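Colleague: sequence first, then the predicted structure:
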Amino acid sequence: GATIGILGGGQLGRMLSVAASRLGYRSHIYEPGAAPAGDVAYQVTNAPYEDEAALRAFAQSVDVVTYEFENVPTSALDLIESLRPIRPNRKTLAVSQDRLTEKDFLSSIGLKTAPYVAVESAEGMEAAIAAVGAPSILKTRRMGYDGKGQIRITEPGQRDWTGAPSVLEGFVDFSAEISVIVARGQDGQVSAFDPGLNVHREGILRTTTVPSGQPNGVLTDAVLIAARIVNALDYVGVMGVELFVTASGLIVNEVAPRVHNSGHWTQGGCAVDQFEQHIRAVAGLPLGDGSRYADVEMQNLIGDDVEQIPALLKQPRTQIHLYGKGEARPGRKMGHVNKVL
Ligand code: ATP
Ligand code: MG
Ligand code: MG
């Protein structure tokens, strides 16, 4: 059988490798940081992205390379791409590694984003706030996740700076946050999971619930937006599209060119979950049936939440996923549970 190369050894890479294994593939994870979470049957290379020999050996040991983390250095991607196909493609990575490029792309295909303006330095804040207004949110263009690298601007006089090139975006008055987990196969077929309702606290996703409770018109619109994005990118794989529901329609917050935390409910609600769907797409198999057969609430286990595990283990209709990480630090995603409602 073939071997799937996965850049990144966090929980998403781990769950992708489990899905690959179920389909009869081997997987090989490349992780530049500390050793990957947990211990499952995959091959691991633990080396920096600057280590060309390790990277070349990794690429040569696999048939296709995918990723669970989009911020892989360009030089490493160039080397890998000279040896093996990368799916989703490089164009998608270029677009999504930078919030400014991403918003420009979304606007260029006719989608609505929050009003935004690039800010290159602390000195640019006055003009940026004059353009976008307050309240607004300053976000680093690169590398932010779980609300890291973001500053809320509450007054026009506020001059806080992230320390890196950023985007200032207007605060969106949303009634709900939803996301679409969409998949596109190598044949161009597009399939979306039922959009979920997301609740964040302190910038971190806490729960995703399906059904979302949103009107059908909103859900259809959300899926059409997601399909437009993956088609425009000639995308192959699973993508997470985060949306704000507002009185004047849907606004795209951001996209993630990979499996997404808000898609974890699919493990408990669909015959084919987002991880299998992604592996199918990158391996060139037909997409599977992602229709939802249960109502599910996904709850992240963050930091101290691990103390709930003994009680959760005794609960009916509850599927527990633990990532095998060590210490439960505040804000650290340790696992999640899918409760079938
Ligand atoms: P992740 O990649 O982990 O989803 P992130 O660090 O990229 O997070 P965002 O998705 O940009 O962060 O923002 C995190 C949360 O902050 C959003 O889900 C939303 O709740 C809130 N938020 C972000 N941007 C805005 C905005 N322009 N208006 C209102 N709320 C916002
Ligand atoms: Mg993000
Ligand atoms: Mg987000």
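Modeller: Looks like it came in fine. Numbers count the residues shown, from 1 in each chain. Ligands and ions are numbered 1, 2, ... in the order given.
Colleague: what residues does the stretch 201-341 of the chain have near ligand 1?
Modeller: Counting by Cβ under 6 Å from any ligand atom, the stretch 201-341 of the chain comes close to ligand 1 at G203, E242, N253, E254. All C-beta atoms are positioned from the backbone trio N, CA, C, and that covers glycine.
Colleague: isn't the last one right up against D98?
Modeller: No: with the criterion set as Cβ atoms under 8 Å, E254 and D98 do not qualify as a contacting pair; they are 11.2 Å apart.
Colleague: if we can go back for a sec, quick one: buried ones out of the residues of the stretch 201-341 of the chain next to ligand 1?
Modeller: Members of those that pass the buried threshold by neighbour count (16 or more other Cβ atoms under 10 Å) are listed as E242, N253, E254.
Colleague: what's the burial count for F193?
Modeller: With neighbours defined by other Cβ atoms under 10 Å, the count for F193 comes to 28.
Colleague: please report phi then psi for P88.
Modeller: Backbone dihedrals for P88, given as degrees, to the nearest 10, come out at phi -60, psi 160.
Colleague: what sits closest to it if chain neighbours are left out?
Modeller: In space, not counting the residues next to it along the chain, P88 is nearest to G237; the distance is 4.4 Å by Cβ to Cβ, 6 or more residues apart in numbering.
Colleague: quick one, phi/psi of P73?
Modeller: Listed backbone geometry of P73 is phi -60, psi 140, with angles given as degrees, to the nearest 10.
Colleague: which of the buried ones among the residues of the stretch 201-341 of the chain next to ligand 1 lies closest to G5?
Modeller: Checking these against G5 with Cβ to Cβ, the nearest one is E254 at 25.4 Å.
Colleague: separation between that closest one and S248?
Modeller: Applying Cβ to Cβ, to the nearest Å, one obtains 19 Å for the distance of E254 from S248.
Colleague: could you do A57 as well?
Modeller: In this view, A57 and S248 are 52 Å apart by Cβ to Cβ.
Colleague: tell me which of these two has more neighbours.
Modeller: Neighbours were counted for A57 and for S248 using other Cβ under 10 Å; A57 has more, 14 against 7.
Colleague: please verify my assumption that the more buried one contacts A47.
Modeller: No: taking Cβ under 8 Å as the contact criterion, A57 and A47 are not neighbours in contact, 9.1 Å apart.
Colleague: now do the contacts for V64.
Modeller: With Cβ atoms under 8 Å, 6 or more residues apart in numbering as the criterion, the residues that contact V64 are A2, I4, G5, R84, P85, I86, R87, V282, A283.
Colleague: if any of these are buried, give me the ChimeraX selection for them.
Modeller: Those of the contacts of V64 that meet the burial criterion (16+ other Cβ under 10 Å) are gathered into one ChimeraX selection, given here:
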select :4,5,84,86,87,282,283
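Colleague: confirm N300 sits in a strand?
Modeller: Yes: assessed by DSSP: H, G, I helix; E, B strand; the rest coil, N300 belongs to a strand.
Colleague: name the nearest residue to it, sequence neighbours excluded.
Modeller: Leaving out its chain neighbours, the residue that sits closest to N300 by Cβ to Cβ, 6+ apart is H336, at 5.0 Å.
Colleague: how near is that neighbour to L301?
Modeller: Shown here: H336 relative to L301, a distance of 6 Å by Cβ to Cβ.
Colleague: what about this structure, any weak spots by pLDDT?
Modeller: By pLDDT under 70, the weakly predicted segments of the chain are 36-41.
Colleague: longest helix of it?
Modeller: Of all the elements of type helix in the chain, the one with the most residues (DSSP state H) is helix 216-232.
Colleague: and the contacts of that one?
Modeller: Residues outside helix 216-232 that contact it (Cβ under 8 Å, 6+ apart) are 105-106, 109-111, 178, 180, 182-184, 188, 190, 192, 194-195, 212, 214, 235, 239, 241, 243, 245, 249-250, 252, 255.
Colleague: mind listing what's buried in it?
Modeller: Neighbour-count burial for helix 216-232, with 16+ other Cβ under 10 Å as criterion, is recorded at V218, L219, D221, A222, V223, I225, A226, A227, R228, I229, V230, A232.
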